[in-house]
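**Student:** how would this look folded up:
(one chain, ligands or ions: 1)
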Amino acid sequence: MPYDNLENVKTENRDGVLVVTIDRPKVLNALNAQTVREIGRVFDEARDDASVRAVVLTGGGEKAFVAGADINELAKMDPISGKRTSEIGQDILLKIERFPKIVIAAVNGFALGGGCEIALACHIRIASEKAQLGLPEVTLGIIPGYGGTQRLARLVGKGKALEIICTADRVPAAEAERIGLVNKVVPPDQLMSTAEEMARKIASRGPVAVRCAIEAVMNGSEMPFEEGQFLEATLFGLLCSTEDMKEGMNAFLEKRAANFKGK
Ligand code: COA
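**Tutor:** This is a model prediction of the structure:
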């Protein structure tokens, strides 16, 4: 059964929105190897789960989204296991970034190290006013290893990324919003409802169109502009062959709500 036998990750399908909670609150949801594997499994299973139309990813407990990789495990690493750990994390975060349905991070507290990197891999980030984000790896004598050096620079620019990575300072939610590190900041008690509402709104749009929009933005932004535009035109053309396209256009012309089938 999907989502069975998970120890450190909880899932709940709330009317099409899969709420995924990374849940080791005693250690502020720190990512040990098992937790990273479980996150990967959930995304693999949710990908083919037709009842899931969007995902909201959050952290268990009051204090943290995820306070980073588990330092107890990190401390034992040698060059070979360190490289492998980094590769496994990178693969799983790429799974999140390339997920065909929208993934919203609901950043409920500390999002540090690997936690910040997970948030960076999500398509949209909504933060609670008490959230703090940061990449403190240099305080441990390492650098971010789950794609953080690459994604942060692409999101906020190289100068800000180097400031955040090299000072290891935590970025409070309001500043994170100012520099584009998070999309929106809300009071803590409105975090999940805001994230779920946005997820539900996106899930009500044409699913194939949303999937193509994710591909165009996430893949296209890694390409030279003209190739990105070529991808955009190809996806645009492809969408013109879908039932959803006909339904969306007809619904507008008939002044009614569209009933998308995802086909
Ligand atoms: N790995 C393993 N354990 C962690 C952890 C991590 N990344 N982050 C927190 N914990 C554990 C703490 O060791 C502590 O365990 P204990 O109760 O057995 O002592 C527990 O979680 C609570 O953390 P604590 O430090 O007491 O909470 P705090 O509110 O004083 O501080 C943080 C919160 C997030 C500032 C602090 O825990 C911290 O700096 N964590 C490490 C962040 C980090 O460097 N992450 C990047 C790793 S690459």
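
**Student:** Strands along this structure, start to end?
**Tutor:** Using DSSP state E, the strands found in the chain span residues 9-14, 17-22, 54-59, 64-66, 103-107, 110-112, 124-128, 132-134, 171-172, 184-186.

**Student:** R37: which of those strands is closest?
**Tutor:** Closest to R37 of those, according to C-beta to C-beta: strand 9-14, at 9.5 Å. Yep, even glycine has a C-beta here, placed from its N, CA and C like the rest.

**Student:** In its sheet, which strands sit next to the closest one, and in what direction?
**Tutor:** According to DSSP bridges, strand 9-14 forms sheet pairs with strand 17-22 (antiparallel).

**Student:** Nearest to the ligand, out of the strands of the chain?
**Tutor:** Among the strands of the chain, strand 110-112 comes nearest to the ligand, with 4.3 Å by C-beta to the nearest ligand atom.

**Student:** helices and strands around the closest one, which ones?
**Tutor:** For strand 110-112, the elements it packs on are strand 64-66, strand 132-134, judged by 3 or more C-beta pairs under 8 Å, 6 or more residues apart in numbering; DSSP states H and E.

**Student:** Now do the last one: which elements does it pack against?
**Tutor:** Okay, so that is strand 132-134. strand 110-112, helix 114-121, strand 171-172, helix 173-178.

**Student:** Apart from its neighbours in sequence, what residue is nearest the residue nearest the centre of the chain?
**Tutor:** Centroid-nearest residue in the chain, with C-alpha atoms, centre = their mean: C122, separated by 1.6 Å. Distances taken as C-beta to C-beta, 6 or more residues apart in numbering put A105 closest to C122, at 3.9 Å, once the chain neighbours are dropped.

**Student:** State the number of residues packed around that neighbour.
**Tutor:** 30 (other C-beta atoms under 10 Å).

**Student:** Show me what it bridges to in the sheet.
**Tutor:** In this entry, A105 is beta-bridged to L57, R125, by DSSP bridges.

**Student:** And the pLDDT for it?
**Tutor:** At A105, the model reports a pLDDT of 98.
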